[in-house]
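[1] Give me a model of this one.
(6 chains)
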6 protein chains.
Amino acid sequence: MLLQHQTWQEVEAYLNQSTGIILPIGSTEQHGPNGLIGTDALCAEFVARGVGEAAGAMVGPTIGVGIAVHHMDFPGSMTVRPSTLIAIVHDYVLSLARHGFRRFFFINGHGGNIATVQAAFSEIYAAYEGALGTRQDRELRCRLANWWDGKAMHELSKDIFGEDEGSHATASEVALTQFMLPETIKQATLDPPRAPGGRFHGPADYRRRFPDGRIGSNPGLATPEKGRRFYETAVPELAKAYAGFVGENA
Amino acid sequence: MLLQHQTWQEVEAYLNQSTGIILPIGSTEQHGPNGLIGTDALCAEFVARGVGEAAGAMVGPTIGVGIAVHHMDFPGSMTVRPSTLIAIVHDYVLSLARHGFRRFFFINGHGGNIATVQAAFSEIYAAYEGALGTRQDRELRCRLANWWDGKAMHELSKDIFGEDEGSHATASEVALTQFMLPETIKQATLDPPRAPGGRFHGPADYRRRFPDGRIGSNPGLATPEKGRRFYETAVPELAKAYAGFVGENA
Amino acid sequence: MLLQHQTWQEVEAYLNQSTGIILPIGSTEQHGPNGLIGTDALCAEFVARGVGEAAGAMVGPTIGVGIAVHHMDFPGSMTVRPSTLIAIVHDYVLSLARHGFRRFFFINGHGGNIATVQAAFSEIYAAYEGALGTRQDRELRCRLANWWDGKAMHELSKDIFGEDEGSHATASEVALTQFMLPETIKQATLDPPRAPGGRFHGPADYRRRFPDGRIGSNPGLATPEKGRRFYETAVPELAKAYAGFVGENA
Amino acid sequence: MLLQHQTWQEVEAYLNQSTGIILPIGSTEQHGPNGLIGTDALCAEFVARGVGEAAGAMVGPTIGVGIAVHHMDFPGSMTVRPSTLIAIVHDYVLSLARHGFRRFFFINGHGGNIATVQAAFSEIYAAYEGALGTRQDRELRCRLANWWDGKAMHELSKDIFGEDEGSHATASEVALTQFMLPETIKQATLDPPRAPGGRFHGPADYRRRFPDGRIGSNPGLATPEKGRRFYETAVPELAKAYAGFVGENA
Amino acid sequence: MLLQHQTWQEVEAYLNQSTGIILPIGSTEQHGPNGLIGTDALCAEFVARGVGEAAGAMVGPTIGVGIAVHHMDFPGSMTVRPSTLIAIVHDYVLSLARHGFRRFFFINGHGGNIATVQAAFSEIYAAYEGALGTRQDRELRCRLANWWDGKAMHELSKDIFGEDEGSHATASEVALTQFMLPETIKQATLDPPRAPGGRFHGPADYRRRFPDGRIGSNPGLATPEKGRRFYETAVPELAKAYAGFVGENA
Amino acid sequence: MLLQHQTWQEVEAYLNQSTGIILPIGSTEQHGPNGLIGTDALCAEFVARGVGEAAGAMVGPTIGVGIAVHHMDFPGSMTVRPSTLIAIVHDYVLSLARHGFRRFFFINGHGGNIATVQAAFSEIYAAYEGALGTRQDRELRCRLANWWDGKAMHELSKDIFGEDEGSHATASEVALTQFMLPETIKQATLDPPRAPGGRFHGPADYRRRFPDGRIGSNPGLATPEKGRRFYETAVPELAKAYAGFVGENA
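    Have a look, this model is predicted:
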């Protein structure tokens, strides 16, 4: 159930039975030689729609560009500044709150977003509940869930890819986009097959350490079929997490 | 050619032959009893993809939530503040500029965005060319084109819908979404068939004057087939405008 | 009736009979070889004062510097960033709203301001009526009117200047400043007499296309007497628009 | 020599001989029962124009609305937030700096502006000289002078009004507006003739302590002739200060 | 070696041998019935000074108030908004960068700061390396280390407190403040001795779930002697991490 | 009584008898060849703690980095932008206001902070009392006191140092830090013994005029014993000012 595909009267009716909504958030940034620039946004949106169906939940519009400052030495990567993303998340949540939504479940496709989205949640709580000045007698709740992050997901990734999963341009996310969009599968030489791992700082440091953009992964092992398995594992796990979140005692 | 479906190396190659990019921008707001909340974002993205194919141009991620302050008394409408949208447009354009993009062609789906996006362009020119402090020796160009706004489009609309086109939740945009997403076609009584027209101020005034959300339109006349005609008229007209924009003398 | 020339008790009395106010907004930017840098602010203020007298309306302080980013390659031009102008308009309107003003009629002297001022209105409606978070049960109304923009004005301009009116450093605005401030009339060679027309992007592009600053105009045809005619046409037309705006049903 | 009354070519010529400019800044706020709401902006602009003539200096547009938060319980008072005023002063100065202006002499009409304008100067120095990140090899200078503040001015005020001068809605500023705009002279009972003095906090506290808006003054003693003497004392004193400021060694 | 206790010439000399600096960051928020409101700032500063001595590193001023939105229903808790903290961290780092510092090692005392400080690092990298507009050829590095977070620390905590450590107002942090400031040791009844654990949302939800402020901890077990052991374990572990950070290849 | 050393229950109890709090604010900037970079923050905090004891008042966390833009050409100096400091002061005050604090007495250690802190007070009054939009029925009060600024302090300074006191890196503040932290006393040649005096503009101008950082002072005359006399004079004078401030009629 996509918010974008409803009429306002249908949303009004939905709000009589639930105040929960799922909001996908991704990123638009390099994902190595055979990963799509849109990987993180595509995966978050795809999984979120599945979760929405499984949970009978409304799914709102995707935030497609996230925090990718560290990828900016690779052509095509886009980023917003953290202060911009805080404003975006603030405005999305509070404009939905005006209509009565109270449970905001973000399904995230990009590790680099986590910190800023959590910061945005604090900014929202401060504004909505009145942390400064005078207490406001109203409440809402936000949660961030990474699509790759449940227990079953970690096991599946370990099973299928082991050490080749990596931490950026991972084998699993490339597989998921191949399942979702088989027409976009890329042929590319990965050299070395498994990229080096490690930490990094800003964009220049990132490119110096990881010249083709991957970190620790071998996405050459990705297949659409493996992607399907990730999708089918993620969706019920997240649907359960969503149900728990929406159903928590007030 | 979607930026999201490319690898960074493919974008690097593209930049050797063109510095132009198309960016769809829409809105997520009520569109009356039979219009989708996502109408403006869906139409902008759909048309932009068509234009990208026609013109051989890269198409970037869609800005899905725009300025819909005046729709906020209708459930499901979302808005960002104008100051937030200025930040978003600024960050999208300037992060692409880092890689060498220099021509930014926004395909817009929502009249309410125009003012703020134009304001954002001034903010970008000020920052990039150095309007304050010290002149910067660099240039880029932005343009906004509404998908419904070419000469052929106005004639087509007049032909098909005449006075029933209206100015919000228009017959043509509802038709376009029906062509694009036939599975979302809504059955709804429109009473009166053609909504009243006129001006309005903030959100309370809007809802008072236009209780079901439409302004001056009768979207009950929309059909997928009519939508197809709008699509097929808009795409070549915009592709030509894009080509002219990218090809202008420096 | 200038707000600046009243005491606070006189404003208090005025508010018992009207909640309307006129706010002039201009720009401080090059206007070609014989146009004043202050043209847009001077014209807006001059016309607004006339309208205030004709309509018995309070006139507030002029916003003298607007959005002139694209003129910044010409010495003496000043600009604020769009984000600054949004803050200014927001603060002017909301500080007057505290006292009970509810109808804000901006008389504008500069096309480049329109987008940002409209964006500011959305920012104000969002804040005042509570578009985000919780609906606020209060309303105000803003409108922007360009002094040159009424029907009678367009006819007059066509009559007097025809194709020589142009779109920047127009013949009519130069004439209006000559009527207002005859001691500032400049002698300058205009070569060619009618400047080229067309579109432009940022400041560097503007100066390249329009080297003396004018766009499409021949302000060499301006005279104080012609300026008087524009003034005398604009004032009653705008006074009527103001009266309509203030008198609209709530 | 008003910037607003020049052409851009005249400003270009001026910059060959001087990089100095005078910028008036005032406020729009209650000034008691017989003082004008625009007193501070009117006085600053009037004196600045005199100084400009005396010193052969360019005078830019007036900032008409300043920091009047503490006057906001009196109808007609307007204010911008300090963060807004910092943005305004920043943009005025840095847009003029792009053209080569380097000495910015603000003539101020309102004590409540001083702190924020000084803060703005620091913000400007930080941006222009690169206090953060990397040092920038460029310099400009800003100074604020209150029109009432020179030594001769204090003596004159003491001479003419003694203890009746006061600190808000002062006898001298009311006299100056009477000299400048005799048609605006107000008849009002001042009770008591000399208002109480003292400190205050926010707007509610101000109105409680000073119910008619004056602090410590008896502006019933103001006359146009006394205003003339203030004007004729202020102008040469400030012209000298301006000359010293512009002439300081680099 | 505290920056605050140096002269500028001593800092100049230090920069000849190192570009690293340690910056403590804490919070000022409730820590249950026997924990100090300043616990997080006090611990971060105390440990940072020890690390500075151990590593021969400069230690800068402490950021004493962090992100404590969720504690705001408890008297005495203070918070800044995430957008404010981003500005603070940005300004601290970039003003030190002007002098040549390039390695910024934050020692953190509060879990609630982590997200926002990481967001601030992205904001800094974006500004300093030019993620938007044009690449800047300069680099710096930031890292955040929580004083309680090393491997030896986790083992020690498990050893000493086991399940009674908890996650807010932890036994170990209360012990550390007792070691540091024995004169501030509080007598308070903890009921139940070990507080309940779990997740929470905004400030109202926090107080409802954890009525005395603690989460999962029994700080009644804290003693100064135990605090000493935490201190003596944390300092060498962090000094080693600092040395590794500063010594990383450029 | 330090806020940082209390539990939240102790703050709750304090609020039953007083709504006043003392907040120290300093700066971290060069203080010449024998002055500490932390002088202003150290002095403000030290004096504030003394005042808190003398007056039985709560003392909150120190703002350690202030407005030192003009010192940024000297290594080790740190600054925040004025817009950042306004946000900090705003957040400190309004987060304490949520708990019931209503009297905020800032003890300041740095002249360069005064303007921005006063600007912040206006920003706070505007937000808390509703200067924009709709009046809010609530009040708080802020005051700034410089530790060196009382009448007795000026006399003492004149007595002890006369013309050698100076205006930056003053003899008295260096003496105060020597009393407070005798272990940090520096040996340095001051050449000339008394630095030149005068005004300055941005950072480059400052360093050019005052090459070792001092303005008009001879801090070579400082001793810990003299520092003690300043401390013992400042504390009771400020304690009295605080008591007057807190006790003012509402």
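[2] pLDDT score for the nearest residue to A:Ala115 once chain neighbours are set aside?
    Nearest in space to A:Ala115, with sequence neighbours left out and distances taken as Cβ to Cβ, 6 or more residues apart in numbering or on different chains, is E:Gln118 at 3.5 Å. Heads up, the C-betas are built off the backbone N, CA and C, glycines and all. With respect to pLDDT, E:Gln118 scores 98.
[3] Helix or strand: which one has E:Gln118?
    helix E:114-129 (DSSP states H and E).
[4] Would you mind identifying the next helix or strand past that helix?
    Per DSSP H and E, the first helix or strand lying C-terminal to helix E:114-129 is strand E:141-146.
[5] How about the residue of chain A found nearest chain C: what's its closest non-neighbour residue?
    Going by Cβ to the nearest Cβ, chain C is nearest to A:Leu94 of chain A, at 3.8 Å. In space, and not counting its chain neighbours, A:Leu94 is closest to C:Leu132: 3.8 Å by Cβ to Cβ, 6+ apart.
[6] how many other residues sit next to the one you found?
    Applying other Cβ atoms under 10 Å in any protein chain shown, we find 24 other residues in the vicinity of C:Leu132.
[7] again with the one 3 residues further on
    C:Arg135 sits with 15 neighbouring residues when counted by other Cβ under 10 Å.
[8] ok, and does stretch A:53-61 reach over to chain C?
    No: in terms of Cβ under 8 Å from any Cβ of the partner chain, no part of stretch A:53-61 sits within range of chain C; the closest distance is 15.1 Å.
[9] contacting residues around that stretch?
    Here stretch A:53-61 makes contact (Cβ atoms under 8 Å, 6 or more residues apart in numbering or on different chains) with A:1-4, A:6, A:11, A:14, A:18, A:20-24, A:48-49, A:51-52, A:92, A:96, A:105, A:235-236, A:239, A:242-243, A:246, B:28, B:38, B:41, B:64-65, B:78.
[10] Helices - which of those land there?
    Among the contacts of stretch A:53-61, the residues falling in helices (DSSP state H) are A:11, A:14, A:48-49, A:51-52, A:92, A:96, A:235-236, A:239, A:242-243, A:246, B:41.
[11] Pick out the residue in chain A sitting closest to chain F.
    Each residue of chain A has a distance to chain F, by Cβ to the nearest Cβ, and the smallest belongs to A:Leu132, at 3.8 Å.
[12] so what's A:Ala87 scoring on pLDDT?
    The predicted structure scores A:Ala87 at 98 on the pLDDT scale.
[13] Secondary structure element holding the residue nearest to it when sequence neighbours are not counted?
    Leaving aside its chain neighbours, A:Ala87 sits nearest to B:Thr84 (4.3 Å; criterion: Cβ to Cβ, 6+ apart). According to DSSP H and E, B:Thr84 maps onto helix B:82-99.
[14] In that helix, which residues are buried?
    By neighbour count, and taking 16 or more other Cβ atoms under 10 Å in any protein chain shown as the criterion, the buried residues in helix B:82-99 are B:82-99.
[15] now the angle from it to helix C:82-98?
    Between helix B:82-99 and helix C:82-98, the angle comes out at 180 degrees (axes from the mean of the first three to the mean of the last three Cα atoms, to 10 degrees).
[16] Near chain C, which residues of chain A are found?
    Taking Cβ under 8 Å from any Cβ as the criterion, chain A approaches chain C at residues A:90-91, A:94-95, A:97-98, A:127-128, A:138.
[17] A:Asp205 against E:Leu140, yeah?
    No: counting by Cβ atoms under 8 Å, A:Asp205 stays clear of E:Leu140, with 9.8 Å between them.
[18] Could you point out which residue ranges in chain A have low pLDDT?
    Low-confidence regions of chain A, defined by pLDDT under 70, span residues A:249-250.
[19] Could you see whether chain E lies near stretch A:192-207?
    Yes: Stretch A:192-207 lies in contact with chain E when judged by Cβ under 8 Å from any Cβ; the contacting residues are A:201-205.
[20] Let's see the distance spanning that stretch from one end to the other.
    The distance separating the two terminal residues of stretch A:192-207, taken as Cα to Cα, to the nearest Å, comes to 16 Å.
[21] Return the residues in contact with A:Tyr92.
    When contacts are counted by Cβ under 8 Å, 6+ apart, A:Tyr92 is found next to A:23, A:60-61, A:63, B:65, B:78, B:80.
[22] can you put those residues in CSV and add neighbour count?
    What follows is these, written out as CSV (neighbours: other Cβ atoms under 10 Å in any protein chain shown):
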residue, neighbour count
A:Leu23, 26
A:Gly60, 28
A:Pro61, 23
A:Ile63, 30
B:Val65, 30
B:Met78, 29
B:Val80, 29
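[23] among those, which are in strands?
    Using DSSP state E to define strands, the subset of the contacts of A:Tyr92 located there is A:Leu23.
[24] For the closest residue to A:Pro82 other than its chain neighbours, the count of nearby residues, please.
    Nearest residue to A:Pro82 in three dimensions, chain neighbours excluded: E:Ala119, at 3.9 Å (Cβ to Cβ, 6+ apart). Applying other Cβ under 10 Å, we find 29 residues neighbouring E:Ala119.
[25] Just confirm E:Ala119 contacts A:Val69, I think it does.
    No: counting by Cβ under 8 Å, A:Val69 is not a contact partner of E:Ala119; they are 10.1 Å apart.
[26] Check whether stretch A:141-155 comes near chain E.
    Yes: between stretch A:141-155 and chain E, judged by Cβ under 8 Å from any Cβ, the touching residues are A:141-142.
[27] Now do the end-to-end distance for that stretch.
    In terms of Cα to Cα, the two terminal residues of stretch A:141-155 are separated by 29 Å.
[28] quick one: buried residues of stretch A:197-211?
    Of the residues in stretch A:197-211, A:200-207, A:209-210 count as buried by neighbour count, 16+ other Cβ under 10 Å.
[29] wait, which of those residues is closest to E:Gly32?
    Comparing the buried residues of stretch A:197-211 against E:Gly32 with Cβ to Cβ places A:His201 closest, at 36.5 Å.
[30] what's the closest non-adjacent residue to that closest one?
    Taking Cβ to Cβ, 6+ apart as the measure, A:His201 lies nearest to E:Arg141, with 4.2 Å between them; neighbours along the chain are not counted.
[31] What count of nearby residues applies to the one you found?
    A total of 21 residues lie near E:Arg141 under the criterion other Cβ under 10 Å.
[32] Quick check: bridge partners of it?
    When assigned by DSSP bridges, E:Arg141 has beta-bridge partners E:Arg103.
[33] Is it in contact with E:Arg102, as I believe?
    Yes: under the contact definition of Cβ under 8 Å, E:Arg141 touches E:Arg102, with a separation of 6.7 Å.
[34] residue contacts, the residue nearest the centre of chain A?
    The central residue of chain A, meaning the one whose C-alpha is nearest the mean C-alpha position (Cα atoms, centre = their mean), is A:Asn108 at 1.7 Å. For A:Asn108, the contact set (Cβ under 8 Å, 6+ apart) comprises A:24-26, A:44, A:114, A:117, A:144-147.
[35] Out of those, the closest to chain D would be?
    Looking at those and their distance to chain D, the nearest is A:Val117, at 25.8 Å (Cβ to the nearest Cβ).
[36] what about the closest residue to A:Ala44 other than its chain neighbours, neighbour count?
    Distance criterion Cβ to Cβ, 6+ apart; nearest residue to A:Ala44, sequence neighbours excluded, is A:Gly109 at 3.2 Å. Look at A:Gly109: counted by other Cβ under 10 Å, it has 29 neighbours.
[37] so what's A:Gly109 up against?
    Contacts here follow Cβ under 8 Å, 6+ apart; on that basis A:Gly109 touches A:24-27, A:39-45, A:47, A:146-147, A:173.
[38] same deal with A:Gln30?
    Contacts of A:Gln30 were listed using Cβ under 8 Å, 6+ apart, and they are A:37, A:71, A:74-77, A:169, A:213, B:7-8.
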